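Participant: Attaching a predicted model along with its sequence, questions to come.
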Amino acid sequence: MASDITDITLYDILGVSAGASADTLRRARDERLRQLRPGLEAGAPSPVVAAAARAREAVELAGLVLTDPAARLRYDRQIGLHRQRGLRGSQVFGEGAPRYGGDPLGLMRAGVSLLDGALRDSFAALLAWTAPGARPPARRLTVPDLRGLFFQPGQMVATMAGFRLAVVRLTANPMPVEGLVTGQSPAPGTVARRHSVLTVQVWHPARGSEAARRGPHSF
């Protein structure tokens, strides 16, 4: 049984394939965290600061689980992903793979369950905002919460959930890195028609705010 189509994985949070090497995972984690340094968001509006903090926690969680070989193996098994078959990206495969029913970061919960008690508790607040709402009426959808996701996994969640995405750039002179979703309309939890437009505000650090290496993706 495949997972719900709105599920994304810890691999998606880092922007890598499920078959990524340990070195690739570490580089992706470090690159994401460099882009989310507090100095880069100095003076930004509060929604940007809040989304960046949420994104840092998600990236740190992904790094903790996926850079630990034993935890990564348990995570892959828990989400039903079989790397030996060459299956990649955010799709989850295998008999008995869990379903998370509209929770766009549901597979992150599987990662948290693998952490030690103190670390697990520290990520409780991060997971609270991913809780799914009540099932909407037929032909209508609950708007997922994309704030704190980088653009590509955010786009994936919106598209697979049945929305058309419109983008508003917040940075006039952005660094050439993948943008971060910091706001959206309609609001998370709103019930909307299938295929309606979900508008997201995407923030990039501004050029000249602080030196940064080019990221692996850009938008």
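Facilitator: Yes, it's here. Everything numeric here is computed off the predicted structure, so don't read it as measured data.

Participant: Residues in contact with the helix or strand encompassing Leu25: which ones?
Facilitator: Applying DSSP states H and E as the criterion places Leu25 in helix 22-35. Contact partners of helix 22-35, identified using Cβ atoms under 8 Å, 6 or more residues apart in numbering, comprise 13-16, 20, 55-56, 59-60, 62-63, 66-67, 69, 150, 175, 177-178, 180, 205, 212-213, 215-216. All C-beta atoms are positioned from the backbone trio N, CA, C, and that covers glycine.

Participant: next helix or strand past that helix?
Facilitator: Per DSSP H and E, the helix or strand that comes after helix 22-35 is helix 46-66.

Participant: For that next one, buried residues please.
Facilitator: For helix 46-66, burial by neighbour count (16 or more other Cβ atoms under 10 Å) applies to 48-49, 51-52, 54-66.

Participant: Over to stretch 8-28?
Facilitator: Within stretch 8-28, the residues that qualify as buried by neighbour count (16+ other Cβ under 10 Å) are 8-16, 18, 20, 25, 28.

Participant: Of those residues, which is the nearest to Val200?
Facilitator: Top of the list for closeness to Val200, among these and by Cβ to Cβ, is Ile8 at 15.2 Å.

Participant: Output the below-cut-off pLDDT ranges for this protein.
Facilitator: For the chain, the stretches flagged by pLDDT under 70 are 1-7, 82-138, 209-219.

Participant: Helices of the chain, residue ranges please.
Facilitator: Under the criterion DSSP state H, the chain contains helices at 10-14, 22-35, 46-66, 69-79, 106-112, 117-122, 124-128, 151-161.

Participant: In JSON lines, list those along with distance to Val197.
Facilitator: Compiled in JSON lines, the helices of the chain are given as follows (distance: least, Cβ to Cβ, whole Å):
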{"stretch": "helix 10-14", "distance to Val197": "23"}
{"stretch": "helix 22-35", "distance to Val197": "27"}
{"stretch": "helix 46-66", "distance to Val197": "20"}
{"stretch": "helix 69-79", "distance to Val197": "31"}
{"stretch": "helix 106-112", "distance to Val197": "24"}
{"stretch": "helix 117-122", "distance to Val197": "36"}
{"stretch": "helix 124-128", "distance to Val197": "27"}
{"stretch": "helix 151-161", "distance to Val197": "10"}
